[in-house]
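1. Predicted model and sequence below, questions to follow.
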Amino acid sequence: MENLVNIFVKSVFIDNMIFAYFLGMCSYLAVSKTVKTSTGLGIAVIFVLGITVPVDYLIHNFLLKEGALVWLSPKFIDVDLSFLSFIIFIAVIASMVQLVEMIIEKFSPTLYNSLGIFLPLIAVNCAILGGSLFMQEREYNNIAEATAFGLGSGLGWFLAIVGIAAIREKIRYSNIPDPLKGLGITFIITGLMGMAFMGFMGIKL
């Protein structure tokens, strides 16, 4: 249990998808104009990462990696389908995003319209694919660890986009130099937030 908490906390604060790896920056910058839309997209990202990472873990360990098909027959011990990882992972992600899109359109048409094109673009959000690829690279021992990593990564992305959205709402009333208005000041604030999150690297887990 302690190991799961460590993986979760580390993926939220230390290995944050935005501030540590700069993954998912396009949606982060484009949608973070209001807290409401940022919250909706952030929850969708948590949901997608929380499902796709463990599903991709099962696919990787029982279908794709070398020797994964040994459960079918010992003669498949040398079969290595890991070259299909990108295609399979993207297919799983696209399926989950389509499911999220249908749910949001059904229960919250206002949020669906606010998110616009960026909702289906979660399928090509590099933070989502990055979660599955990091899971593959780090070789977690079981599906619980992969799930903890997926949920933690999603929550870290959620905190980042909601945090910058709240700040952007407040600085509308600030006297910002004209050349820095819009993305300019957003990049500066993102850099400062990234430096703040670096402070969590001192946490002993």
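-> Thanks, I have the structure now.
2. Could you list every helix and strand that the lowest-mean-pLDDT helix or strand in the chain packs against?
-> Lowest on mean pLDDT, DSSP states H and E among the helices and strands of the chain sits helix 109-115, with a mean of 79. Using 3 or more C-beta pairs under 8 Å, 6 or more residues apart in numbering; DSSP states H and E as the contact test, the elements touching helix 109-115 are helix 35-59, helix 85-107. Where C-beta positions appear, they are placed from N, C-alpha and C, glycine not excepted.
3. List the buried residues in it.
-> 111-112, 114-115 (16 or more other C-beta atoms under 10 Å).
4. what's the closest of these to residue 37?
-> Of all the buried residues of helix 109-115, residue 114 has the smallest distance to residue 37: 4.5 Å, by C-beta to C-beta.
5. Can you report how many residues neighbour the residue nearest to residue 146 when sequence neighbours are not counted?
-> In space, and not counting its chain neighbours, residue 146 is closest to residue 57: 3.8 Å by C-beta to C-beta, 6 or more residues apart in numbering. Counted with other C-beta atoms under 10 Å, the neighbours of residue 57 add up to 23.
6. next one: residue 147
-> Neighbour tally, residue 147, other C-beta under 10 Å: 22.
7. Can you name the element that comes right after the helix or strand containing it?
-> Using DSSP states H and E, residue 147 falls within helix 143-170. From helix 143-170 onward toward the C-terminus, using DSSP H and E, the following helix or strand is helix 183-198.
8. What are the buried residues along that next one?
-> Applying 16+ other C-beta under 10 Å to helix 183-198 flags 185-186, 190, 193, 197 as buried.
9. can you check stretch 4-23 too?
-> Those would be 6-20, 23, for stretch 4-23 by 16+ other C-beta under 10 Å.
10. Show me the residues you listed that map onto strands.
-> Using DSSP state E, no member of these falls in strands.
11. Between the residues you listed, which sits nearest residue 74?
-> For these, the closest approach to residue 74 (C-beta to C-beta) belongs to residue 7, at 32.8 Å.
12. got the contact list for the nearest residue to the closest one once chain neighbours are set aside?
-> Once flanking residues are discounted, residue 7 sits nearest to residue 148: 4.6 Å by C-beta to C-beta, 6+ apart. Residue 148 makes contact with 4-5, 7-8, 11, according to C-beta atoms under 8 Å, 6 or more residues apart in numbering.
13. and those as CSV, adding distance to residue 100 and pLDDT?
-> Formatted as CSV, those follow (distance: C-beta to C-beta, whole Å; pLDDT from 0 to 100):
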residue, distance to residue 100, pLDDT
4, 25, 90
5, 27, 90
7, 24, 91
8, 22, 93
11, 20, 92
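14. which ones are touching the residue located most distally from the centre of the chain?
-> What lies farthest from the middle of the chain is residue 75; by C-alpha atoms, centre = their mean that is 37.2 Å. By C-beta under 8 Å, 6+ apart, the contact list for residue 75 is empty.
15. any weak-confidence spans in this protein?
-> 204-205 (pLDDT under 70).
16. Might one say that residue 145 is in contact with residue 7?
-> Yes - Residue 145 sits in contact with residue 7 when judged by C-beta atoms under 8 Å, with a separation of 5.6 Å.
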